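Student: Quick one: sequence plus predicted model below, questions after.
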Amino acid sequence: MLSGAAIGAGVGVVGTAVTGGCISCGAVIGGVVGTGAGYILHENEERRK
């Protein structure tokens, strides 16, 4: 799940910049994207086993 967290953090930073510095908006966007990305990466790893 670390990969999802890293993706979420990066998206959160970009989201903050896009929303004009709204840190909470960037955090929400990053959290949602990170959770989704982490889930997808986890499912892909499980399917490879």
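Tutor: Here it is on my side, so go on. Residues are numbered from 1 along each chain as shown.
Student: List the buried residues of stretch 32-42.
Tutor: When neighbours are counted by 16 or more other CB atoms under 10 Å, the buried residues of stretch 32-42 are found to be 33-34, 37-38. For the C-beta atoms, the positions are set from N, CA and C on the backbone; glycine is no exception.
Student: before we move on, what about stretch 8-27?
Tutor: 8-9, 11-12, 15-16, 26-27.
Student: and the end-to-end length of it?
Tutor: From its first residue to its last, stretch 8-27 covers 8 Å (CA to CA, to the nearest Å).
Student: Number the chain from 171, please
Tutor: I'll keep to 171 as the first residue from here, and by that count the last item is stretch 178-197.
Student: contacts for it?
Tutor: By CB atoms under 8 Å, 6 or more residues apart in numbering, the residues outside stretch 178-197 that reach it are 198-205, 207-208.
Student: want to throw those residues into JSON lines with distance to residue 192 and pLDDT?
Tutor: Formatted as JSON lines, the contacts of stretch 178-197 follow (distance: CB to CB, whole Å; pLDDT from 0 to 100):
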{"residue": "198", "distance to residue 192": "9", "pLDDT": "92"}
{"residue": "199", "distance to residue 192": "10", "pLDDT": "91"}
{"residue": "200", "distance to residue 192": "12", "pLDDT": "91"}
{"residue": "201", "distance to residue 192": "14", "pLDDT": "92"}
{"residue": "202", "distance to residue 192": "15", "pLDDT": "93"}
{"residue": "203", "distance to residue 192": "16", "pLDDT": "92"}
{"residue": "204", "distance to residue 192": "17", "pLDDT": "90"}
{"residue": "205", "distance to residue 192": "19", "pLDDT": "91"}
{"residue": "207", "distance to residue 192": "21", "pLDDT": "90"}
{"residue": "208", "distance to residue 192": "23", "pLDDT": "89"}
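Student: Tell me which of those fall in helices.
Tutor: For these, the ones inside helices are 198-205, 207-208, with DSSP state H as the criterion.
Student: want to throw those into JSON lines with distance to residue 218?
Tutor: As requested, the ones in helices among the contacts of stretch 178-197 are exported to JSON lines (distance: CB to CB, whole Å):
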{"residue": "198", "distance to residue 218": "31"}
{"residue": "199", "distance to residue 218": "29"}
{"residue": "200", "distance to residue 218": "27"}
{"residue": "201", "distance to residue 218": "26"}
{"residue": "202", "distance to residue 218": "25"}
{"residue": "203", "distance to residue 218": "23"}
{"residue": "204", "distance to residue 218": "21"}
{"residue": "205", "distance to residue 218": "21"}
{"residue": "207", "distance to residue 218": "17"}
{"residue": "208", "distance to residue 218": "16"}
